[in-house]
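1. What shape does this take:
(2 chains)
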Amino acid sequence: DTAVSQTPKYLVTQMGNDKSIKCEQNLGHDTMYWYKQDSKKFLKIMFSYNNKELIINETVPNRFSPKSPDKAHLNLHINSLELGDSAVYFCASRRGAQYGYTFGSGTRLTVV
Amino acid sequence: AQTVTQSQPEMSVQEAETVTLSCTYDTSESDYYLFWYKQPPSRQMILVIRQEAYKQQNATENRFSVNFQKAAKSFSLKISDSQLGDAAMYFCAVCLTNFGNEKLTFGTGTRLTIIP
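-> I've put the predicted structure just below:
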């Protein structure tokens, strides 16, 4: 009965590869997000989607492409992976701003 | 754009004692929400407590309480009767409410160590 689930939890890949991270929420929330947590633990928003529509794109390189097939899913595809993409990526969803966000358990991406 | 500052990169407290984590923020908006999140070594982001900016009363959740000073844009977290399970990174965050700009903006975090 996981609320926000991400797969995979760990991803190790070589530079130049293309990879995807999947996210699904069973909370019935309309809005979903991708956050990146760097090696210093700083969390920064990347994208937000509301009911499959892109709302926020925070100057993320266009190698990163989010896709929302329906409001319960928000996937992140990354092309031509670089060493600097190594981080923990969190998916989140929310019912309303006043309730805060519910986060997935994160995907640790390591680019070698 | 809103910013959140946590000036204490690390804090430590004796088990059963009380500790306060500081947070200041800056926003030009009048309507927003404030949160404290906990991130233990498991990496999971856990909501600890939340505060509506329009409410003067400070939020409380069991051993966790906040001191919200809107004029000073300060939002500190007090943990009473600290327990070993409280050891984690703590992030302060602010969320605006206007659609199209609604996003949770985090501070840089405070690593809390509990001394047995």
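
2. C-alpha only now, for contacts and for neighbours.
-> Will do.

3. wait, what's in contact with the spatially closest residue to residue A:39 that is not a sequence neighbour?
-> Spatially, and ignoring its direct neighbours in sequence, residue A:39 is nearest to residue A:87 (6.4 Å; CA to CA, 6 or more residues apart in numbering or on different chains). By CA atoms under 8 Å, 6 or more residues apart in numbering or on different chains, residue A:87 lies in contact with A:36, A:37, A:38, A:39, A:108, A:109, A:110.

4. how much space between the second one and chain B?
-> The one in question is residue A:37. Separation of residue A:37 from chain B (CA to the nearest CA, to the nearest Å) stands at 10 Å.

5. which residues touch the closest residue to that residue other than its chain neighbours?
-> With CA to CA, 6+ apart as the criterion, residue A:37 has its nearest non-adjacent residue at 4.4 Å, and that residue is residue A:43. The neighbourhood of residue A:43, defined by CA under 8 Å, 6+ apart, consists of A:35, A:36, A:37, B:106, B:107, B:108.

6. repeat for residue B:4
-> Neighbour list for residue B:4: B:23, B:24, B:25, B:26, B:92, B:93, B:94, B:105, B:106, B:107, B:108 [criterion: CA under 8 Å, 6+ apart].

7. Show the buried residues in the contacts of residue A:87.
-> Buried subset of the contacts of residue A:87 (neighbour count, 16 or more other CA atoms under 10 Å in any protein chain shown): A:36, A:37, A:108, A:109, A:110.

8. between those, which is closest to residue B:60?
-> residue A:37 (27.9 Å; CA to CA).

9. Looks like the closest one contacts residue A:86 (just checking).
-> No. Using CA atoms under 8 Å, residue A:37 is not in contact with residue A:86; the gap is 9.4 Å.

10. Apart from its chain neighbours, what residue comes closest to residue 76?
-> Defaulting to chain A. The nearest residue in space to residue A:76 (CA to CA, 6+ apart) is residue A:66, at 4.5 Å.

11. I was after chain B.
-> Using CA to CA, 6+ apart, the closest residue to residue B:76 is residue B:22 (4.5 Å).

12. And for residue A:93?
-> Closest residue in space to residue A:93, ignoring its immediate chain neighbours: residue A:32 at 4.2 Å, by CA to CA, 6+ apart.

13. does the one you found have beta-bridge partners, and which?
-> Taking DSSP bridges as the rule, residue A:32 bridges to residue A:49, residue A:93.

14. In CSV: the contacts of residue A:43, plus pLDDT and secondary structure.
-> Compiled in CSV, the contacts of residue A:43 are given as follows (pLDDT from 0 to 100; DSSP: H, G, I helix; E, B strand; the rest coil):
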residue, pLDDT, secondary structure
A:35, 97, strand
A:36, 97, strand
A:37, 98, strand
B:106, 97, strand
B:107, 97, coil
B:108, 97, coil
